[in-house]
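Novice: Fold the stuff below for me.
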Amino acid sequence: MEIKELQKKSDEIINKLDGKFECNHNVNNTFIHFIEELGEIASELNNPNIRGRDINKKELGKELADLLFFISRLANLNDIDLEESINEKIIELNKRHSMEL
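Specialist: Next comes the predicted model:
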C-alpha cells in the first residue's frame, strides 16, 4: 500500500468508527488515542522484561498498524502529505550526516 493510500484509508476507517461510536477523532482525541496505542506497543515489547513472556509478534504488528493509522490521521487533520514529508526528511538526513540513502 502506498503512503497516500494509507492516509486515505486511515481517514475512511476512523471516520466510520467515529460514526459507529458517536465520537470524533479531532487532533486532540487522535493524539490521545495515539499515545494509548504507543503504550500498548510498549507493553508488548516489555513482555520479556517483566512478564517472562516472548513478544507476540502478531499482536505487536497489529499495534504498530494502529499507530500508523493514527499517524496518518494526524497528518490528514493538518493537511500534511506524509510521503512528501518522508522524502524531504530523507534528503535532510542525507545532507546532515553526509549519507547516501
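
Novice: For the rest of this, base every contact and every neighbour count on C-alpha atoms.
Specialist: Noted.

Novice: Can you tell me how far residue 28 is from residue 74?
Specialist: Distance, residue 28 to residue 74, by CA to CA, to the nearest Å: 9 Å.

Novice: just residue 67 next, same as before
Specialist: 11 Å.

Novice: ditto for residue 68
Specialist: Distance from residue 68 to residue 74, by CA to CA: 10 Å.

Novice: can you give me the offset of the helix or strand bottoming out on mean pLDDT in the chain from its chain's centre?
Specialist: Ranked by mean pLDDT, DSSP states H and E, the helix or strand of the chain with the weakest confidence is helix 82-97, at a mean of 95. The chain centre lies 18 Å from the centre of helix 82-97; the measure is CA atoms, centre = their mean, to the nearest Å.

Novice: got the contact list for it?
Specialist: Here helix 82-97 makes contact (CA atoms under 8 Å, 6 or more residues apart in numbering) with 3-4, 72, 75, 99-101.

Novice: what's the answer for stretch 39-46, then?
Specialist: In contact with stretch 39-46 (CA under 8 Å, 6+ apart) are residues 55-56, 59-60, 63-64.

Novice: before we move on, what about stretch 55-63?
Specialist: With contacts defined as CA under 8 Å, 6+ apart, stretch 55-63 is touched by 37-38, 40-41, 44-48.

Novice: could you measure the residue nearest the centre of the chain against residue 36, distance?
Specialist: Taking CA atoms, centre = their mean, the centroid of the chain lies closest to residue 68, which sits 2.3 Å from it. Using CA to CA, we find residue 68 at a distance of 13 Å from residue 36.
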